[in-house]
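K.L.:
no FASTA, just this:
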Ligand code: HEM
């Protein structure tokens, strides 16, 4: 069995400038092979020190034990600010805590059950669209998964399908924005000195402003509908009517628009990437695809029945291990730390890499292989607890983790029930990290009706 594609690592020693050039092209192939075995690696540049930690104990320290001492880097936020403003993804400290108190209840288990019909409807719409690709020709599947994931967000958040005029415009504007400002680009990821100004192209500012205008419109309309009691019972209504239990405050239009932007961004690129890679892995592992399709054949539109789709869930988990949509996360130290015996000064960058941790050769059996059965083994279970962070961990864990697992399983089951996905031998996707882990030239598959 050939291994799923992995970026070619760079040589161990390269000059800083070569490193920066590689980094600009793609964060993953800028890293040396030894990182897959290292517990920690230090990167020194004239401007900053950065430490990539790949040891479960250090990851637990930063994410779970003392997250307050390792906030998000404000310089990462700089690249995202024009679009995301004060979104929960960027804030720290008391503002962030208050925002999570208002947002989290909307994503709790009970509410997930309420969003299920909208996710199911988006899945059916995806089946109708993908059916048009069953013509014997290879097609890039990423635009389809992206469309489906955007549809899920609009339906669950605002009760509108992607065909709605405003939703279509937001989706198009986001695509244009990402072309002009790949969000995890070099500037966003490698901090320059503090005095270095951040430039955004005019295009970036224009698309960000356009998206904000559209989202503000949706949010304002919703506030009015809530006021006259005509608002549908969806995620937007739930979040906008939730008062912070400590202060009694609710989100105003501006702050809610910031959150809508991040829900859309964090919730659609990521799921789209995960779904596309899962379909690719299934196309290259037809035995697993057959097992998943057999399970999907019995799917019924009931939230409670999802827990029976164990094979599909394990496959999706395995895809999130091999191709974690968020490949790296950055935090900064706020005081002197000692990490694995090394003195680390305040203000240093701490990089957590789901990409490397999920393939840490000293922890995982068959780290680069696709094996959904691993989750039933001792090694798989231990690693799931200690070395598996596709949604991060601790208090800053992805708000949408439970939501994304439901979405992934439902969309996969509906697609696999109707179609077989077949790999195209001369089109092996090359993983690259932009905002999320995508394939450099798309993920090309043939779609056949079952
Ligand atoms: C497969 C799908 C998804 C993956 C792999 C994923 C992964 C992540 C990761 C790794 C983080 C932490 C980032 C960091 O700390 O730097 C995060 C944060 C976040 N995600 Fe997700 N996500 C997914 C889907 C979603 C969905 C569907 C939503 C909402 C509808 C969502 C909303 C958020 C938000 C709001 C945050 C910020 C949380 C905070 O900082 O407190 N995500 N996600």
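P.N.:
Structure's in. What do you need? Keep in mind the model is a prediction, meaning the values are calculated, not measured.

K.L.:
Just read off the phi/psi values of whatever residue of the stretch 301-450 of the chain ends up closest to the ligand.
P.N.:
Nearest to the ligand in the stretch 301-450 of the chain, going by C-beta to the nearest ligand atom, is residue 400, at a distance of 2.3 Å. The way it works is simple: take the backbone N, C-alpha and C, and place the C-beta from them, glycine included. Here is the backbone geometry of residue 400 (degrees, to the nearest 10): phi -100, psi 20.

K.L.:
Under the pLDDT cut-off, which ranges of the stretch 201-350 of the chain? List them.
P.N.:
Across the stretch 201-350 of the chain, the stretches falling below the confidence threshold (pLDDT under 70) are 201-203.

K.L.:
Might you report the residue contacts of residue 234?
P.N.:
By C-beta atoms under 8 Å, 6 or more residues apart in numbering, the contact set of residue 234 is 115, 118, 156-159.

K.L.:
give me the element the closest residue to residue 319 other than its chain neighbours is part of.
P.N.:
Leaving out its chain neighbours, the residue that sits closest to residue 319 by C-beta to C-beta, 6 or more residues apart in numbering is residue 278, at 4.0 Å. Assigned by DSSP states H and E, residue 278 falls within helix 253-284.

K.L.:
Tell me who's in contact with the residue nearest to residue 319.
P.N.:
The contact partners of residue 278, by C-beta under 8 Å, 6+ apart, come to 315-316, 319, 408, 412.

K.L.:
okay, the contacts of residue 234 in TSV with distance to residue 32 and neighbour count next?
P.N.:
Putting the contacts of residue 234 into TSV (distance: C-beta to C-beta, whole Å; neighbours: other C-beta atoms under 10 Å) gives the following:
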residue	distance to residue 32	neighbour count
115	42	22
118	44	23
156	41	27
157	41	25
158	45	25
159	48	17
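
K.L.:
how many other residues sit next to the closest residue to residue 389 other than its chain neighbours?
P.N.:
By the measure of C-beta to C-beta, 6+ apart, the closest residue to residue 389 outside its immediate chain neighbours is residue 354, 5.1 Å from it. Here the neighbour count serves as a burial measure; for residue 354 (other C-beta atoms under 10 Å) it reads 24.

K.L.:
Offset the numbering so it begins at 414, please.
P.N.:
In the new count, where the first residue is 414, that last one comes out as residue 767.

K.L.:
Correct me if wrong: residue 767 contacts residue 803.
P.N.:
Yes. Counting by C-beta atoms under 8 Å, residue 767 does reach residue 803; the two are 5.7 Å apart.

K.L.:
what do the two both touch?
P.N.:
737, 739.

K.L.:
secondary structure element for residue 552?
P.N.:
strand 551-553.

K.L.:
Okay, now the sheet partners of that strand, with direction.
P.N.:
Its sheet considered, strand 551-553 pairs with strand 857-862 (antiparallel) by DSSP bridges.

K.L.:
Buried ones in the strand it pairs with, by neighbour count?
P.N.:
The neighbour-count criterion (16 or more other C-beta atoms under 10 Å) identifies 857-860 as the buried residues of strand 857-862.

K.L.:
Need phi/psi at the residue nearest to residue 802.
P.N.:
Here is the backbone geometry of residue 767 (degrees, to the nearest 10): phi -50, psi -40.

K.L.:
show me what contacts it?
P.N.:
Residues in contact with residue 767 (C-beta under 8 Å, 6+ apart) are 737, 739-742, 802-803, 805.

K.L.:
Spell out which residues of the stretch 414-563 of the chain are next to the ligand.
P.N.:
Counting by C-beta under 6 Å from any ligand atom, the residues of the stretch 414-563 of the chain lying close to the ligand are 501-502, 513.

K.L.:
can you rerun that using 8 Å?
P.N.:
The stretch 414-563 of the chain has residues 485, 500-504, 509, 512-513, 516, 520, 562 near the ligand, with proximity defined as C-beta under 8 Å from any ligand atom.

K.L.:
where's the residue in the chain sticking out farthest from the centre relative to the ligand, distance?
P.N.:
Distance from the centre of the chain peaks at residue 641, with 35.5 Å (C-alpha atoms, centre = their mean). Going from residue 641 to the ligand by C-beta to the nearest ligand atom, to the nearest Å gives 26 Å.

K.L.:
again with residue 706
P.N.:
When distance is defined by C-beta to the nearest ligand atom, residue 706 is 22 Å away from the ligand.

K.L.:
for that residue, what are its contacts?
P.N.:
829-830, 833, 863.

K.L.:
one more time with 7 Å, if that's ok
P.N.:
Residues near residue 706 by C-beta atoms under 7 Å, 6 or more residues apart in numbering: 829-830, 863.

K.L.:
Was I right to think residue 471 contacts residue 750?
P.N.:
No. Look at residue 471 against residue 750 with C-beta atoms under 7 Å: they stay out of range, at 10.0 Å.

K.L.:
Could you report the neighbour count for residue 834?
P.N.:
By other C-beta under 10 Å, the burial measure for residue 834, its neighbour count, is 24.

K.L.:
how close does the closest residue to it other than its chain neighbours sit to the ligand?
P.N.:
The spatially closest residue to residue 834, leaving aside those adjacent along the chain, is residue 696, at 4.3 Å (C-beta to C-beta, 6+ apart). Distance check for residue 696 against the ligand: by C-beta to the nearest ligand atom, it reads 19 Å.

K.L.:
got it, and residue 621?
P.N.:
To the ligand, residue 621 is 18 Å away according to C-beta to the nearest ligand atom.

K.L.:
which stretch of helix or strand covers that residue?
P.N.:
Residue 621 belongs to helix 615-640 when elements are defined using DSSP H and E.

K.L.:
Now that helix: buried residues?
P.N.:
In terms of neighbour count (16+ other C-beta under 10 Å), helix 615-640 has its buried residues at 617, 620-621, 623-625, 627-629, 631-632, 635-636.

K.L.:
how much does that helix deviate in direction from helix 666-697?
P.N.:
Using axes from the mean of the first three to the mean of the last three C-alpha atoms, to 10 degrees, the interaxial angle of helix 615-640 with respect to helix 666-697 works out to 110 degrees.

K.L.:
Work out the gap between helix 615-640 and the centre of the chain.
P.N.:
Here the centre of helix 615-640 is set off from its chain's centre by 23 Å, with C-alpha atoms, centre = their mean, to the nearest Å.
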